[in-house]
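1. The sequence isn't on hand, but the structure is:
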């Protein structure tokens, strides 16, 4: 029987991959608009909070080793609650994947395919997802483990390659619009770490469940460093990003890098790596949805339903009628969805389940 469990390293890369995908599209520019010159302090602040949340999730899962949020919901409220939570998480993965795909496709259309119908650009990604989801999740994780380091290196190279273009004075004033905006209203920027949602699903998949804390903290920690590099690159290069919407701001930064005539137009290579990363992210969304649905519906096999979720992602990607609506969904609605599902509902279920478990243990002691 083939090994279907994922290693500690692969699980860490899974978390990083989800977080990184959103930074490729509009997230860094959104953080800049929210926090202005205080964005670096804000990202460090929300990174610390995200690490705390990840550690809390680890503590809450200790009494439910080898179970995910669906199993715990079943323990807490029976099949009724299990089905509700399952549907919410499926909707979360499918909708966020679809909106991210639409925004990325809009960027590709502007840059390379201005005369191409957005439908065909989106469909090309969906066909890719249909192919990748036909393989095992373990196989997909191995592909992610190859592509993700390339994407991380591209951002490091983006930061170093643009150093001559940097204006470090743009970090002032350090607190941007003030302490309140950076540390209080800026709390909402924690949605940048929506990849924490992965922690609710992966416990049963882990080859080494005892490494769950290491997986959670390392994944968030590396993602935090990556996010700081992204926002720092945009902050030091483009003050106009505070006021002007850009669909793929990191691509604009990449277009400034030149190393002689041979290494001109490196932005095209970066975009290729980012396209592969988006495909990886969409595959994760589809696979997670499939895993959750299989548990909710009590199915023995998941192969017959694997193609359903890529087409649901396709449907969500086509919902916005124009770029403005897709940007609104990606910037504003996404924020509230992540806050509700990842930092609200998921934690609430774990807390209530732990309270129930503690009461049962107390009764058994009597």
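-> Sure, I can see it. The structure presented is a predicted model; accordingly, all values stated were derived computationally and were not measured.
2. for residue 329, what are its contacts?
-> 99, 102, 319-320 (C-beta atoms under 8 Å, 6 or more residues apart in numbering). No exception for glycine: its C-beta is placed from N, CA and C like everyone else's.
3. at 6 Å instead, please
-> The neighbours of residue 329, taking C-beta atoms under 6 Å, 6 or more residues apart in numbering as the test, are residue 99.
4. Report the separation between it and residue 135.
-> Distance, residue 329 to residue 135, using C-beta to C-beta, to the nearest Å: 30 Å.
5. With residue 207 instead?
-> From residue 207 over to residue 135 (counting by C-beta to C-beta), the distance is 19 Å.
6. Same question for residue 113.
-> From residue 113 across to residue 135, the span is 28 Å (C-beta to C-beta).
7. try residue 38
-> 44 Å.
8. Which of the two has more residues huddled nearby?
-> residue 38 (25 against 14; other C-beta atoms under 10 Å).
9. Now the more buried one: closest residue in space, sequence neighbours ignored.
-> residue 176 (2.8 Å; C-beta to C-beta, 6 or more residues apart in numbering).
10. Count the neighbours of residue 237 for me.
-> Neighbours of residue 237 (other C-beta under 10 Å): 19.
11. and it, what is it in contact with?
-> Residues near residue 237 by C-beta under 6 Å, 6+ apart: 162, 165, 253.
12. So which bits of the helix or strand hosting the last one are buried?
-> Just to be clear, that refers to residue 253. Element membership for residue 253 (DSSP states H and E) is helix 249-254. For helix 249-254, the neighbour count (16 or more other C-beta atoms under 10 Å) marks 249-254 as buried.
13. quick check, nearest of the residues you listed to residue 189?
-> Comparing the buried residues of helix 249-254 against residue 189 with C-beta to C-beta places residue 249 closest, at 15.8 Å.
14. hmm, back to that, in a markdown table, list the contacts of residue 237 along with pLDDT and distance to residue 86.
-> Converted to a markdown table, those look like this (pLDDT from 0 to 100; distance: C-beta to C-beta, whole Å):
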| residue | pLDDT | distance to residue 86 |
| --- | --- | --- |
| 162 | 85 | 44 |
| 165 | 84 | 48 |
| 253 | 79 | 40 |
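15. gap between the residue nearest to residue 38 and residue 54?
-> Residue 176 sits 26 Å away from residue 54, going by C-beta to C-beta.
16. got it, and residue 16?
-> 13 Å.
17. same thing with residue 296?
-> Distance check for residue 296 against residue 54: by C-beta to C-beta, it reads 25 Å.
18. Quick one: distance of the longest helix along the chain to the chain centre.
-> The longest helix of the chain (DSSP state H) is helix 69-111. Relative to its parent chain, helix 69-111 has a centroid offset of 12 Å by C-alpha atoms, centre = their mean, to the nearest Å.
19. what ranges do the helices span in the stretch 201-350 of the chain?
-> Ranges of helices in the stretch 201-350 of the chain, per DSSP state H, counting those that start in this stretch, are 212-237, 249-254, 267-296, 308-318, 323-328, 334-340, 346-365.
20. got a markdown table for these, with distance to residue 47 too?
-> Below are the helices of the stretch 201-350 of the chain laid out as a markdown table (distance: least, C-beta to C-beta, whole Å):
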| stretch | distance to residue 47 |
| --- | --- |
| helix 212-237 | 4 |
| helix 249-254 | 19 |
| helix 267-296 | 20 |
| helix 308-318 | 29 |
| helix 323-328 | 25 |
| helix 334-340 | 16 |
| helix 346-365 | 18 |
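21. Name the spans of the chain whose pLDDT lies under the cut-off.
-> Counting by pLDDT under 70, the chain has low-confidence residues at 1-3, 239-247, 258-266, 366.
22. try 80 this time
-> Low-confidence segments of the chain, defined by pLDDT under 80, are located at 1-4, 26, 238-248, 252-268, 301, 303-304, 364-366.
23. contacting residues for residue 290?
-> Contacts of residue 290 (C-beta under 6 Å, 6+ apart): 302, 306, 309.
24. now do residue 61
-> Contacts of residue 61 (C-beta under 6 Å, 6+ apart): none.
25. Tell me the spacing between it and residue 352.
-> From residue 61 to residue 352 the distance is 14 Å (C-beta to C-beta).
26. ok, the buried residues of helix 249-254 vs residue 126, which is closest?
-> Nearest to residue 126, judged by C-beta to C-beta, of the buried residues of helix 249-254 is residue 251 at 22.0 Å.
27. Tell me who's in contact with that closest one.
-> By C-beta under 6 Å, 6+ apart, the residues touching residue 251 are 267, 271.
28. same check, this time on residue 45
-> residue 183.
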